[in-house]
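Asks: Build me a model:
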Amino acid sequence: MTFSGAGVAVFAASEHNVKHLLRQMSVQTIGYDKINQLRHVRYLKSVEGVKAHMKKQADYLRPKFDFTLAALESGLRSFEIGDWTNPNGGYFISYDGLPGTAARCVQLCADAGVKLTPAGAAFPYGIDPEDKNIRIAPTFLSFGDLNMSMEVFCLCQRIAALEALLAEKA
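Replies: Numbers count the residues shown, from 1 in each chain. Prediction:
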């Protein structure tokens, strides 16, 4: 979206479920932000305008994703302690470490000053039954901060994996 709160959603359901949801929504919301929706229409103008805007977004974000993926490759691939997605769009890279390491990695990163989304955030209720998934969001940071953050992340992931492997042997 281009403006906060300007999202437009669509849902498909049976006639009964649509009526039920509309009854619920009538008491949950005061109304939709028509001003932000109008801003979108005026700014984007057409489907071609949306496509052009999304291309600009992709061109802006792609280098950050490429940088993050390269940092994961150079910092973690040879250790064989995790894997990650190579997304074609979106705002997150999904990292899967060894089972039982995600929360520990997030805590180690936080202790070092790097804020991550909570471990398991992509799972229902934020509960990853294997405690191995971390969503990485490289979109907001400057390249300098992204570089430092990825160095910290890779180091913390290696520490968390080493701790888990040593605990298995104990």
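
Asks: so after the lengthiest helix in the chain, what's the next helix or strand?
Replies: If you go by DSSP state H, the chain has its longest helix at helix 47-76. Using DSSP states H and E, the helix or strand that follows helix 47-76 in sequence is strand 82-84.

Asks: Please work out the average pLDDT along that next one.
Replies: What strand 82-84 shows for mean pLDDT is 97.

Asks: In that strand, which residues are buried?
Replies: By 16 or more other CB atoms under 10 Å, the buried positions in strand 82-84 come out as 82, 84. Placement of C-beta: from N, CA and C, glycine included.

Asks: Go ahead and measure how far the helix or strand following it is from the middle of the chain.
Replies: Moving toward the C-terminus from strand 82-84, the first helix or strand encountered (DSSP H and E) is strand 93-97. Relative to the chain's own centre, strand 93-97 is displaced by 10 Å; criterion: CA atoms, centre = their mean, to the nearest Å.

Asks: Pairing partners for strand 93-97, with directions?
Replies: Strand 93-97 has the following sheet partners, assigned by DSSP bridges: strand 82-84 (antiparallel), strand 133-136 (antiparallel).

Asks: quick one: contacts of it?
Replies: 65, 68-69, 72, 81-87, 105, 122, 132-138, 157, 160-161 (CB atoms under 8 Å, 6 or more residues apart in numbering).

Asks: quick check: domain ranges of the protein?
Replies: 1-44, 58-169 (automatic domain parsing).

Asks: any chance of those domains in a markdown table, plus distance to residue 52?
Replies: Compiled in a markdown table, those are given as follows (distance: least, CB to CB, whole Å):
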| stretch | distance to residue 52 |
| --- | --- |
| domain 1-44 | 8 |
| domain 58-169 | 11 |
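
Asks: Need the winner for burial among those domains.
Replies: When the domains of the chain are scored by mean count of other CB atoms under 10 Å, the highest mean neighbour count falls to domain 58-169 (a mean of 16).
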